[in-house]
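Colleague: Any chance you can model this:
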Amino acid sequence: MNIILADYNRNNLLPFTFMRPVAAIRCGILTIAEKWEKLSENSCSFITENYLSAKFPLKKAADNLVVNGAVLINEKLYSEIMTLENGQVMVKGDMVLAIRTSSADIGDFSKIDYDESIETDLEIDVLSYPWDIFRLNEKAVSDDFVMITKGRKSAAVDADTTLINPSQIFIEESAKVQCAVINASAGPVYIGAHAEVMEGSLIRGPFALCEHATLKMGAKIYGATTIGPHCKIGGEVSNSVVFGFSNKAHDGFLGNSVVAEWCNLGADTNNSNLKNNYGIVKCYNYEKKDYISTGLQFCGLMMADHSKAAINTMFNTGTVVGVAANVFGGGFPPKYIPSFAWGGFGDEQFQLDKAVELAREVYKRRNLDFDKTEEAILNHVNGLELILPSE
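Modeller: Predicted structure coming up:
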């Protein structure tokens with residue numbers, strides 16, 4: 001069966017869907033697409049925006065399962081969806097979860113015809129807004145941990161590392177852990193292949209350190225936190241998700257936050273995750289072009305791909321930063337910083353040619369090529385009209 005991951009609610013998930021389909025968002029240990037590929041043991045394709053299709057193509061077949069890319073799939077829901085027959089759709093209330101179809105007309109998820117609707121009784125976790133990524137991360141890490149570690153045995157650690165509740169700790173053979181304290185009493189801890197936990201690190205689960213990622217010396221990590229592939233993280237982090245290839249290598253606090261790929265937080269950068277009046281946090285919403293309530297008392301920084309923050313940057317509660325913004329200057333930056341902002345306090349722009357040059361250099365440091373496909377995506381995002389709101 002050919003599995004196709006369809007964008008759902010992508011405008012409400014901006015800025016994290018500027019550079020990727022909804023299903024390429026990381027929540028838990030894996031991205032949503034990686035969860036499907038792990039469960040199905042097959043590669044998946046995407047229904048997404050045209051400008052992303054070169055990197056995330058759509059593949060059609062005679063037997064297609066088109067699924068809602070914003071739903072956090074787990075083993076129970078996967079098993080139920082896989083019982084669908086051709087022409088059947090699975091729903092939860094008025095939300096479509098998956099459609100099995102032989103139709104070739106599947107370019108628009110919302111317009112696919114079906115013959116029979118089946119309602120699931122399972123609880124469904126879906127990414128509706130950016131802050132859901134960290135809000136749902138605890139359950140997602142736990143579900144992914146079970147899926148990834150089933151039937152496998154964790155690598156041993158040296159006696160200089162303390163493990164609390166070791167049955168809920170899994171360390172890949174190629175990972176390196178020295179002189180750390182890992183406490184899985186409140187949730188599982190996964191240390192990925194070729195990852196490194198440096199000496200003095202203190203970790204509380206649920207926590208995932210993905211492949212080739214590094215926790216710097218003395219890092220303090222509270223759950224539920226995910227550090228994606230090839231990241232370097234230091235200082236204090238709580239209930240946050242970093243997608244991958246991003247750095248927060250020095251001291252400073254990151255809490256109740258989401259940071260996408262290719263970002264860098266300078267030394268002693270901090271974010272507030274709680275208002276002084278303990279009120280509900282509002283965040284900028286691209287769909288409404290205004291601030292909306294998150295319904296959360298704790299909400300920190302939402303930073304999209306390729307954005308950078310200078311040393312000692314202070315982000316306020318519920319700050320949203322677009323793509324390729326370069327944030328610097330004294331005081332608190334605005335709570336909404338548009339893509340390609342330069343400084344973040346005025347109308348000055350980070351020029352596209354300079355942003356491309358920087359991205360190319362950053363990719364090169366990881367032995368990767370910022371190719372024409374990547375450049376075209378960044379160029380398209382640069383051309384999108386973003387309206388600066390009044391708070």
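Colleague: Put the alpha carbons of stretch 295-310 into CSV.
Modeller: In CSV, the C-alpha atoms belonging to stretch 295-310 read as follows (Å, rounded to 0.1, in the frame of the first residue of the first chain):
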residue,chain,number,x,y,z
GLY,A,295,-4.8,28.6,26.3
LEU,A,296,-1.4,28.0,28.1
GLN,A,297,0.2,29.6,31.1
PHE,A,298,3.6,28.5,30.0
CYS,A,299,4.7,29.2,26.4
GLY,A,300,8.1,30.4,25.2
LEU,A,301,9.8,30.8,21.8
MET,A,302,8.6,29.6,18.4
MET,A,303,11.6,30.0,16.0
ALA,A,304,11.5,28.9,12.4
ASP,A,305,14.3,27.6,10.2
HIS,A,306,17.6,29.4,9.5
SER,A,307,17.0,32.1,12.2
LYS,A,308,19.7,33.3,14.5
ALA,A,309,19.8,35.1,17.8
ALA,A,310,22.8,37.2,19.1
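Colleague: Now do the buried residues in that stretch.
Modeller: For stretch 295-310, a neighbour-count test (16 or more other Cβ atoms under 10 Å) marks 296, 298-310 as buried. Heads up, the C-betas are built off the backbone N, CA and C, glycines and all.
Colleague: Which of those sits closest to residue 265?
Modeller: residue 309 (5.0 Å; Cβ to Cβ).
Colleague: follow-up on the earlier one: inside strands: which ones of the buried residues of stretch 295-310?
Modeller: 301, 302, 303, 308, 309 (DSSP state E).
Colleague: Most widely separated two among the residues you listed?
Modeller: Maximum distance among those (Cβ to Cβ): 15.1 Å, for 302 and 308.
Colleague: so residue 79 is in which element?
Modeller: Using DSSP states H and E, residue 79 sits within helix 75-81.
Colleague: Tally up the residues packed near residue 75, please.
Modeller: Using other Cβ atoms under 10 Å, residue 75 has 14 neighbouring residues.
Colleague: Revised request: answer the last question for residue 352.
Modeller: 16.
Colleague: show me what contacts it?
Modeller: Taking Cβ atoms under 8 Å, 6 or more residues apart in numbering, we find residue 352 in contact with 340, 378, 379, 382.
Colleague: so what's the backbone phi/psi at it?
Modeller: With angles defined as degrees, to the nearest 10, residue 352 sits at phi -60, psi -40.
Colleague: go on, the one 3 residues further on?
Modeller: Dihedral angles phi and psi of residue 355 (degrees, to the nearest 10) take the values phi -60, psi -40.
Colleague: OK, contacts around it?
Modeller: So residue 355 contacts 306, 324, 340, 378, 382 (Cβ under 8 Å, 6+ apart).
Colleague: same thing but 7 Å
Modeller: Going by Cβ atoms under 7 Å, 6 or more residues apart in numbering, residue 355 touches 306, 324, 340, 378.
Colleague: just to revisit the earlier point, out of the ones in strands among the buried residues of stretch 295-310, who's nearest residue 139?
Modeller: residue 302 (20.0 Å).
Colleague: will you turn the buried residues of stretch 295-310 into JSON lines that also has distance to residue 111 and pLDDT?
Modeller: Compiled in JSON lines, those are given as follows (distance: Cβ to Cβ, whole Å; pLDDT from 0 to 100):
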{"residue": "296", "distance to residue 111": "34", "pLDDT": "98"}
{"residue": "298", "distance to residue 111": "39", "pLDDT": "98"}
{"residue": "299", "distance to residue 111": "35", "pLDDT": "98"}
{"residue": "300", "distance to residue 111": "38", "pLDDT": "98"}
{"residue": "301", "distance to residue 111": "36", "pLDDT": "98"}
{"residue": "302", "distance to residue 111": "31", "pLDDT": "98"}
{"residue": "303", "distance to residue 111": "34", "pLDDT": "98"}
{"residue": "304", "distance to residue 111": "29", "pLDDT": "98"}
{"residue": "305", "distance to residue 111": "30", "pLDDT": "98"}
{"residue": "306", "distance to residue 111": "33", "pLDDT": "98"}
{"residue": "307", "distance to residue 111": "35", "pLDDT": "98"}
{"residue": "308", "distance to residue 111": "40", "pLDDT": "98"}
{"residue": "309", "distance to residue 111": "41", "pLDDT": "97"}
{"residue": "310", "distance to residue 111": "46", "pLDDT": "97"}
